Structures are given as structure tokens and as C-alpha cells.
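Visitor: Here you go, sequence then predicted model.
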Amino acid sequence: MTIRVWFKFFITLLAIGAVSTVITSFFVSPHAYEPYLNPFNAWEIFGAVLWYSGYGLVYSVIAQMGFFAYLTIHQFGKGFFGYFWKYGQIIIIGFVLFELVYLRYHQDAGPEGLFPYIVVAAMLFVYALAVAKVKAMETHQRAFLPAIFFMVVVTTVEWIPALQTGEAEWIMLMIVPLLACNTYQLLKLHRIVGFNNPEDTQKQTNQQSNNQKSKKNK
């Protein structure tokens, strides 16, 4: 990855973080805009948009730091644990999902019970499965589990500052840009580095070999 490509990657992620946070704020923080709608005050609304854009830029940087940290951790895990690293990832994913429910429930101690926390963890896991499936289809099946690990574990770690507040507004304001940025990073990386699926390469080689044999026979 060259400096030019990385800079474009960086700027794109900043834009994704800012835009996704602003859009999310329209739904979860309408109170930030309502006072300026009647009477309409474009300048104040623009100020609110800039305010949430600033948060989005911060969330984007957090997502990028988490992504590059993940790449290092993943390589270390494969090198140190070898074949057993995939089982380690499964255990860590299960542990993080459990803590996402258990710790948040005991921290908030709300009357609604465990169900809302289970739903949040389940939705994160289902989204991670969907992204991982796309990643595996575009690269290799070996990428499926690491993609789930990244989308669940790394996203949750990045999400901790908002989770600690216990406020639904900030939890939503942070998770949406994090998921948007992490999805983009995960699905864009193999395109940037020029990943070639070994199976596709082998098929192309076999096809070329068969074509050459057919020409010789003619």
C-alpha cells in the first residue's frame, strides 16, 4: 500500500465516519435540530451538523486504529498459535458476545431484563456474519472467521467508550459509523493489495493449459 493509496483510504474513511454519524444523529438526536426548525435557522443547523461531523471524524480514526491493530494481532495469533488460532478466535468471539450482554445488563440494571442486550449482541453477530460471507466470497473461505472476529471483537472494543456511558443515544451514534468504517475497511483491503484467490488462479492456469493442448491437437 503506497502513501497515496493510504491517504485516499484515510480520507474516504473520514468521510464515511462523518456522513454516517450525521445521518444517525437525525434519528437518535432530533432534539439537536428541532429548536432551529421553527423558525428555521440554517446557520444553527449547519453548526449542529458540523458538531456531529466532528464526532464522526473521531469515530473514523478510532476504527482505523482498531483495524491496523487487528492486522497486527491476527498475524501474531497465526504465527504464535498456528492451527489453534482459529479456535482461539471462536472462544474470544463467544466471550465478547457474552460480556456484551452480561456486563451491560449488570451495569445498567434496568427493569427491562436481558432481552434488549441479547438483541443488540445478536444483531451485531448477524451483521458480522453477513459481512464475513461477502468477504469470503470475494477472497477465500479462510477469511470468513477472521472477518467475524474483526467485526464482533474489534468493533466492540472500539465501542467501549459509548457503552460505558450507558446512554442509548451515544451508543447508537458511535456504533453506526464504527460498523460503516469497519465494513469498508474489511471489504476494501483485498482490493487495494490486489488479492488473487488461489483457486481462481489455478482454474485460469488449468484453462490456459487445456486451451494450449487443444490448439496442439488441432
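Guide: Alright, I've got the coordinates. Residues are numbered from 1 along each chain as shown.

Visitor: Report the separation between the residue lying closest to residue 89 once chain neighbours are set aside and residue 138.
Guide: Using Cβ to Cβ, 6 or more residues apart in numbering and skipping the chain neighbours, the partner closest in space to residue 89 is residue 149 (4.5 Å). Backbone N, C-alpha and C define where each C-beta goes, glycine included. Separation of residue 149 from residue 138 (Cβ to Cβ, to the nearest Å): 17 Å.

Visitor: Between the two, which has more neighbouring residues?
Guide: residue 149 (24 against 13; other Cβ atoms under 10 Å).

Visitor: contacting residues for that one?
Guide: When contacts are counted by Cβ atoms under 8 Å, 6 or more residues apart in numbering, residue 149 touches 74, 89, 92-93.

Visitor: Which strands and helices lie in contact with the helix or strand containing residue 56?
Guide: Assessed by DSSP states H and E, residue 56 sits inside helix 42-81. Judged by 3 or more Cβ pairs under 8 Å, 6 or more residues apart in numbering; DSSP states H and E, helix 42-81 is in contact with helix 3-28, helix 85-108, helix 155-165, helix 168-192.

Visitor: Quick check: which of these is buried the most?
Guide: helix 168-192 (a mean of 19; mean count of other Cβ atoms under 10 Å).

Visitor: Would you mind measuring from residue 58 to residue 65?
Guide: 11 Å.

Visitor: same thing with residue 139?
Guide: 23 Å.

Visitor: Low-confidence ranges, this structure, go.
Guide: Applying pLDDT under 70 to the chain flags the ranges 1, 106-112, 194-218.

Visitor: From the centroid of it, which residue is nearest?
Guide: residue 182 (2.5 Å; Cα atoms, centre = their mean).

Visitor: Return the distance of that residue relative to residue 156.
Guide: From residue 182 to residue 156 the distance is 11 Å (Cβ to Cβ).

Visitor: repeat for residue 21
Guide: Taken as Cβ to Cβ, the span from residue 21 to residue 156 is 18 Å.

Visitor: one step back: out of residue 58 and residue 65, which sits in the more crowded spot?
Guide: Higher neighbour count among residue 58 and residue 65: residue 58, with 17 against 11, using other Cβ under 10 Å.

Visitor: residues contacting the spatially closest residue to the more buried one that is not a sequence neighbour?
Guide: Of all residues not flanking residue 58 in the chain, residue 17 sits nearest, at 7.8 Å (Cβ to Cβ, 6+ apart). If a contact means Cβ under 8 Å, 6+ apart, then residue 17 has 56-61, 63, 177, 180-181 as its contacts.

Visitor: Can I get those in CSV including distance to residue 97?
Guide: Listed next are those as CSV, based on distance: Cβ to Cβ, whole Å:
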residue, distance to residue 97
56, 26
57, 29
58, 26
59, 22
60, 25
61, 26
63, 20
177, 21
180, 21
181, 21
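
Visitor: Please identify which of those residues is nearest to residue 37.
Guide: residue 56 (21.8 Å; Cβ to Cβ).

Visitor: looking at it, that closest one is touching residue 49, isn't it?
Guide: No: applying Cβ atoms under 8 Å, one finds residue 56 not in contact with residue 49, separated by 10.2 Å.

Visitor: Mutual contacts of these two, please.
Guide: Counting by Cβ under 8 Å, 6+ apart, the residues touching both residue 56 and residue 49 are residue 22.
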